[in-house]
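S.K.: how does the following fold in three dimensions:
(one chain, ligands or ions: 1)
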Amino acid sequence: MAKKTKKAKAKSKPAAKKPPRKAAKAAAKPAAKKASAKPVAKKANGNGAYPKPSSKPFGMDGKALQGVRILDFTHVQSGPTCTQLLAWFGADVIKVERPGVGDITRGQLVDVKGADSLYFTMLNHNKRSITIDSKHPQGKRVLDELIRKCDVLVENFAPGALDRMGLTWEHIHKLNPRMIVASVKGFGPGPYEDCKVYENVAQCTGGSASTTGFRDGPPLVTGAQIGDSGTGLHLALGIVTALYQRTRTGRGQKVLCAMQDGVLNLARVKLRDQQRLKHGPLTEYSQYGEGIPFGDATPRAGNDSGGGQPGRILKCKGAPEDPNAYIYFITQAPVWGEICDVIGEPTWKTDPEFATPKARLPKLNQIFARIEEWTMTKTKFEAMEILNKFDIPCGPILSMKELAEDQSLRKTGTVVEVDHPVRGKYLSVGNPIKLSDSISEVKRSPLLGEHTDEILSSVLGFKASEIAEIKNSGALSAPEKKEKAA
Ligand code: COA
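M.R.: Have a look, this model is predicted:
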């Protein structure tokens, strides 16, 4: 008893400084809750409650976006790139296509007659397809139901097309306040916002074309689809970020990625150079060494390295007859000594004319011509092997044929062989983003409308009679069938 009193006394000591009432109340609350609640998840990083770490092996506890349902209104390349990534991460992607036609790319660049093109199949893996005429009253009914059941609507129609279907933000948000509406457009708000845009338009208006190519040639577009696929990637990040914010706010939001913005983001180093121009010539550009004055805009730099480490594409054994017998070679400063030894110019290590990066800048043409004399004695793979031993940064110019046959890319799933019921086997690029606990399997793209019935019944819960009614209305079929049904 005495002990008890002592303890109580000791405890009550700090209480002499009475905590404010509010704080005391707040402190009391969780204690009361704790008594009845189930084990509560611990806070991680002070940023919310998480479940206990899974005890299942990595890769065996579902997919990252499991439970997320996407209403996919995308077509051509930019939007489909985005929704394909989300599907690889486990989202249920329901692709809405126009009856009879579908995504226009199904029939573009056709290589196997009667089969969906590679253009379509390679951008629409792991999705389900439903055909709906979005302008038909019964089609609108189905779409409204889908809006209620989905988490994200993704679209890349021409500006205003979604509104013309009646799917305004207000309409969508009223049906489902949690819905995230994600769009790709050519331009953001401004003078060009109403324009339709394709890949190369974005490359040209986003600063890529004006800075690509050789100084004495015209602007060039690149083979990498930075306008379409690049913007699709940006959009995917916007969507998962909005999904994350929704876990806190409970509401959806609009996500907009303009292709011009996406390209400019990828070309940001060229805007850096634009500003550097005010302070003098860009010394790492070949034109500096050639004594050619700079103008008032970032020039095209050929194959000069984008960073502060001068680099060039150099011929290897077999060039130029073999169009890809080339290697990219970077004269990184810390390995300058090794470069000199490899190419047989050991005196350049100490010669003040060559020994420092600054001294070398005006002589890049002479230096790379000498290095090329050496690379031309080797195949690109031999050169790569020798240079890698000395940590000299370089990379062979790999053709699409070589990439398609590369066994290491097959092993990682970056290049995959997919089987398709109409076209047979084909190669595709798998998910380039590898998550250790969400393994991507590449499943073939859907046939047009392949999952229409399945989605109407299992996602929307329509009865057989309702499905028949919608079908008979012609909202899900091509015009010829509509006439028949009428
Ligand atoms: N049911 C009924 N109508 C449908 C439909 C469906 N399921 N799906 C599409 N449509 C209609 C649209 O409502 C639109 O009709 P409207 O013009 O009467 O409103 C029509 O099809 C054409 O859509 P649109 O997006 O204008 O296609 P397009 O082939 O004329 O233009 C682009 C293609 C890519 C130029 C254009 O969509 C665009 O600029 N998109 C944004 C930027 C972009 O993503 N570009 C890159 C593409 S890789």
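S.K.: what sits against residue 102?
M.R.: 129, 131, 448-449 (CB atoms under 8 Å, 6 or more residues apart in numbering). Any C-beta I mention is one placed from the backbone N, CA and C, and that applies to glycine too.
S.K.: rerun at 10 Å
M.R.: Applying CB atoms under 10 Å, 6 or more residues apart in numbering, one finds that residue 102 lies in contact with 75, 95-96, 116, 120, 124, 129, 131, 446-449, 478.
S.K.: ok, residue 218 next?
M.R.: So residue 218 contacts 209, 300 (CB under 10 Å, 6+ apart).
S.K.: quick revisit: quick check on the contacts of residue 102: which are buried?
M.R.: For the contacts of residue 102, a burial check counting by 16 or more other CB atoms under 10 Å picks out 75, 95-96, 116, 120, 124, 129, 131, 446, 448-449, 478.
S.K.: ok, and which of those residues reach the ligand?
M.R.: residue 96 (CB under 6 Å from any ligand atom).
S.K.: among the buried ones among the contacts of residue 102, which pair sits farthest apart?
M.R.: Maximum pairwise distance in the buried ones among the contacts of residue 102, criterion CB to CB, is 19.4 Å, between 124 and 478.
S.K.: burial of residue 121, as a residue count?
M.R.: A total of 21 residues lie near residue 121 under the criterion other CB atoms under 10 Å.
S.K.: typo on my end, residue 454
M.R.: Neighbour count for residue 454, taken as other CB under 10 Å: 12.
S.K.: assumed it was part of a helix.
M.R.: Yes. Looking at residue 454 with DSSP: H, G, I helix; E, B strand; the rest coil, it is inside a helix.
S.K.: contacts only, for it.
M.R.: Residue 454 touches 94, 128, 130, counting by CB under 10 Å, 6+ apart.
S.K.: what's the domain layout of the chain?
M.R.: Annotated domains of the chain cover 69-266+445-485, 303-392 [automatic domain parsing].
S.K.: what residues does the stretch 1-150 of the chain have near the ligand?
M.R.: 76-79, 96, 98, 132-135.
S.K.: mind checking which of the contacts of residue 102 land in strands?
M.R.: Members of the contacts of residue 102 lying in strands (criterion: DSSP state E): 95-96, 129, 131.
S.K.: nearest to the ligand: which residue in the stretch 251-400 of the chain?
M.R.: residue 259 (6.1 Å; CB to the nearest ligand atom).
S.K.: I'd guessed that residue sits against residue 193; true?
M.R.: No. The pair residue 259 / residue 193 is not scored as a contact, 11.9 Å apart, by CB atoms under 10 Å.
S.K.: what residues does the stretch 151-300 of the chain put near the ligand?
M.R.: So the stretch 151-300 of the chain meets the ligand at 156-158, 161, 164-165, 184-186, 196-198, 228 (CB under 6 Å from any ligand atom).
S.K.: run the last query once more with 8 Å
M.R.: 156-162, 164-165, 183-186, 195-199, 202, 227-228, 231, 259 (CB under 8 Å from any ligand atom).
S.K.: burial count for the residue of the stretch 251-400 of the chain closest to the ligand?
M.R.: 29.
S.K.: ok so, going back, quick one: which of the buried ones among the contacts of residue 102 has the lowest pLDDT value?
M.R.: In this model, the minimum pLDDT among those belongs to residue 478 (86).
S.K.: that one touches residue 136, doesn't it?
M.R.: No. Contact criterion CB under 10 Å: residue 478 and residue 136 do not qualify, at 12.0 Å.
S.K.: overlap in contacts of these two?
M.R.: residue 99.
S.K.: residue 154 belongs to a strand?
M.R.: Yes. If the criterion is three-state DSSP, then residue 154 is within a strand.
S.K.: please name the residues that touch the closest residue to the ligand within the stretch 201-350 of the chain.
M.R.: The ligand sits closest to residue 228 of the stretch 201-350 of the chain, with a gap of 4.3 Å, by CB to the nearest ligand atom. Contact analysis of residue 228 by CB under 10 Å, 6+ apart lists 76-82, 123, 156, 184, 197-200, 202-203, 259, 262-263.
S.K.: from the residues you listed, which would you call buried?
M.R.: The neighbour-count test (16+ other CB under 10 Å) marks 76-82, 123, 156, 184, 197, 199, 202-203, 259, 262-263 as buried among the contacts of residue 228.
S.K.: re the thing from before, so which of the contacts of residue 454 comes closest to residue 385?
M.R.: residue 128 (46.3 Å).
S.K.: my guess is the closest one meets residue 459, correct?
M.R.: Yes. If you go by CB under 10 Å, residue 128 and residue 459 touch, sitting 8.9 Å apart.
S.K.: need the residues touching each of these two.
M.R.: Joint contacts of residue 128 and residue 459 (CB under 10 Å, 6+ apart) are 92, 94, 451.
S.K.: distance check, the first one against residue 129.
M.R.: Applying CB to CB, to the nearest Å, one obtains 13 Å for the distance of residue 92 from residue 129.
S.K.: next one: the second one
M.R.: Summarising the geometry, the distance separating residue 94 from residue 129, computed by CB to CB, is 8 Å.
S.K.: what residues are shared contacts of residue 259 and residue 193?
M.R.: 185-187.
S.K.: what's the most centrally placed residue in the chain in contact with, if anything?
M.R.: The residue lying closest to the centre of the chain (CA atoms, centre = their mean) is residue 233, at 2.1 Å. Applying CB under 10 Å, 6+ apart to residue 233 gives the contacts 78, 81-82, 85, 226, 257, 262, 266, 432-433.
S.K.: which SSE is residue 58 in?
M.R.: For residue 58, there is no helix or strand it lies in under DSSP states H and E.
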